[in-house]
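Trainee: What would the 3D arrangement of this be:
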Amino acid sequence: MLFKDREEVLKMASNFKIAIHRNDDNLHLKLMGDFDGSSACELINTLKNKCKNIGRIFIHTNGLDHIHPFGQRVFHHNFNMLKVRTIRIFFTGDKAKKIAPEERYLMENQNQNYAYGF
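Mentor: Got it, this is the predicted structure:
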C-alpha cells in the first residue's frame with residue numbers, strides 16, 4: 001500500500017490531515033478530512049516546504065470529506081503564486097476537479113482525474 005511505509009502525517013485544523021510519502025523524485029500527499037481555509041494554507045505550506053529535489057507531486061483527494069468554498073479559493077489563489085515551475089503537479093481522485101486550480105489542467109486518465117500544474 002502506498003502510504004504504509006515511511007509515512008509522515010501532518011495534522012491540521014480539527015479533522016484535516018496530510019499523509020506524506022516520498023519515493024524517488026515523487027511526492028505523494030494524501031488529503032484527509034474537511035478542506036477549509038486553514039487546510040488550504042497548510043497544503044500550500046507543505047508544497048513549499050517539501051518540494052526540494054522533487055520532479056512530480058501527486059495530491060490524492062479521495063480522503064477529503066467536505067471542501068469549503070473559502071478553502072478552495074484560498075488554495076487556488078496561493079497555488080498560482082507557488083514558485084515550483086519545474087515540478088509537475090497531479091491532482092487525483094474524486095475531489096480533484098474541486099481542488100485543482102483551473103479546469104484546463106484536468107484530463108481523464110484510467111478513471112482518475114489529473115490536473116497538470118506548471
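
Trainee: okay, the helix or strand I57 falls within in CSV with CA atoms only?
Mentor: Using DSSP states H and E, I57 sits within strand 56-67. Taking Å, rounded to 0.1, in the frame of the first residue of the first chain, the C-alpha atoms of strand 56-67 are listed here in CSV:
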residue,chain,number,x,y,z
ARG,A,56,6.3,15.2,-9.5
ILE,A,57,3.8,15.8,-6.8
PHE,A,58,0.6,13.7,-6.6
ILE,A,59,-2.2,15.2,-4.5
HIS,A,60,-4.7,12.5,-3.7
THR,A,61,-8.1,13.8,-2.9
ASN,A,62,-10.2,10.7,-2.2
GLY,A,63,-9.8,11.1,1.6
LEU,A,64,-11.5,14.5,1.6
ASP,A,65,-15.0,14.8,3.1
HIS,A,66,-16.2,18.4,2.6
ILE,A,67,-14.5,21.1,0.6
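
Trainee: List the buried residues of it.
Mentor: For strand 56-67, the buried set under the neighbour-count rule, 16 or more other Cβ atoms under 10 Å, comprises I57, F58, I59, H60, T61, G63, L64, I67. Where C-beta positions appear, they are placed from N, C-alpha and C, glycine not excepted.

Trainee: In the sheet, which residues pair with the last one? Tell me.
Mentor: In this structure, I67 has the following beta-bridge partners (DSSP bridges): F35.

Trainee: which ones are touching it?
Mentor: By Cβ atoms under 8 Å, 6 or more residues apart in numbering, the contact set of I67 is D34, F35, K95, K98, I99.

Trainee: Also the fifth one?
Mentor: Shown in contact with T61 (Cβ under 8 Å, 6+ apart): L31, F91, T92, G93, D94, K95, A96, K98, I99.

Trainee: per-residue confidence for it?
Mentor: Per-residue confidence (pLDDT) for T61: 92.

Trainee: and what of Y105?
Mentor: pLDDT at Y105 comes out at 54.

Trainee: hey, where'd the strands end up in this protein?
Mentor: For the chain, applying DSSP state E gives strands covering 8-11, 17-23, 26-35, 56-67, 88-92, 106-109, 112-115.
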